[in-house]
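Participant: no sequence for this one, just the structure:
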Ligand SMILES: Nc1nc2c(ncn2[C@@H]2O[C@H](COP(=O)(O)OP(=O)(O)OP(=O)(O)O)[C@@H](O)[C@H]2O)c(=O)[nH]1
Ligand SMILES: [Mg+2]
């Protein structure tokens, strides 16, 4: 039986139109729609995968980036295991807004220690030749804001999409391993008190 820790919630945040829904659709259904409607509120889809020999169910939450939908998306941030901060490489403003997205997420998800929370940054629409954001600037931002991994993706031609989601899983597993979360599951609780008593009576 799978433990609860195998269900990983990953949330996509970023300005309206940067391609969050397209990235999720590309990853889950391997399809791309060039006339996608703006998302209203949130939607989620599950995908089972294996990363580095561990089976997980990835639950991808796609949110509405437009400001007018703020109150519809923020209640769904809690319980996220990883946040994918997304911008569009042909839209400098969406890159400038990454800091606001990180702040909004940290606040509404109630993240106690943002420095150790796994964020992954995605620069999408790599297939569009007219870039407004250089890879160098994006990497610099990631370095200076917590050392986040950075991926340049294209939902249109599928570049790096699977790699980015798999990196999210890896980051969660790294954080969980470090904090020891994977040791404790619903069916197998370790009782430290009892163990120490047993050791005392034995020796
Ligand atoms: N050329 C290109 N277009 C893309 C790419 N990803 C998304 N698009 C297009 O960009 C537009 C917006 O994409 P969405 O996926 O709806 O953007 P979103 O971030 O979900 O937007 P909201 O739901 O409003 O937050 C659509 O017309 C997509 O077809 C990409 O990688 N390359
Ligand atoms: Mg959308």
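Facilitator: All right, it came through fine. In this text the structure is predicted, and so the values were computed from the model without any measurement. Ligands and ions are numbered 1, 2, ... in the order given.

Participant: all contacts plus neighbour counts: C-alpha atoms, from now on.
Facilitator: Will do.

Participant: ok, which residues in this protein are in contact with ligand 2?
Facilitator: Selection of the chain residues close to ligand 2 by Cα under 5 Å from the ion yields 21, 38-39.

Participant: ranges for the strands of this structure?
Facilitator: With DSSP state E, the ranges of strands along the chain come out as 7-13, 42-51, 54-63, 82-88, 119-124, 150-152.

Participant: Output the ones you listed in CSV, with mean neighbour count and mean pLDDT appended to each entry.
Facilitator: Shown next, in CSV, are the strands of the chain (neighbours: other Cα atoms under 10 Å; pLDDT from 0 to 100):
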stretch, mean neighbour count, mean pLDDT
strand 7-13, 24, 97
strand 42-51, 14, 94
strand 54-63, 20, 96
strand 82-88, 26, 98
strand 119-124, 26, 98
strand 150-152, 22, 98
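
Participant: between those, which gets nearest to ligand 1?
Facilitator: Closest approach to ligand 1 among the strands of the chain (Cα to the nearest ligand atom): strand 119-124, 5.4 Å.

Participant: buried stuff in stretch 100-113?
Facilitator: Of all the residues in stretch 100-113, those buried under the rule 16 or more other Cα atoms under 10 Å are 101-102, 104-106, 109, 111.

Participant: which of those residues lies closest to ligand 1?
Facilitator: Closest approach to ligand 1 among the buried residues of stretch 100-113 (Cα to the nearest ligand atom): residue 101, at 12.2 Å.
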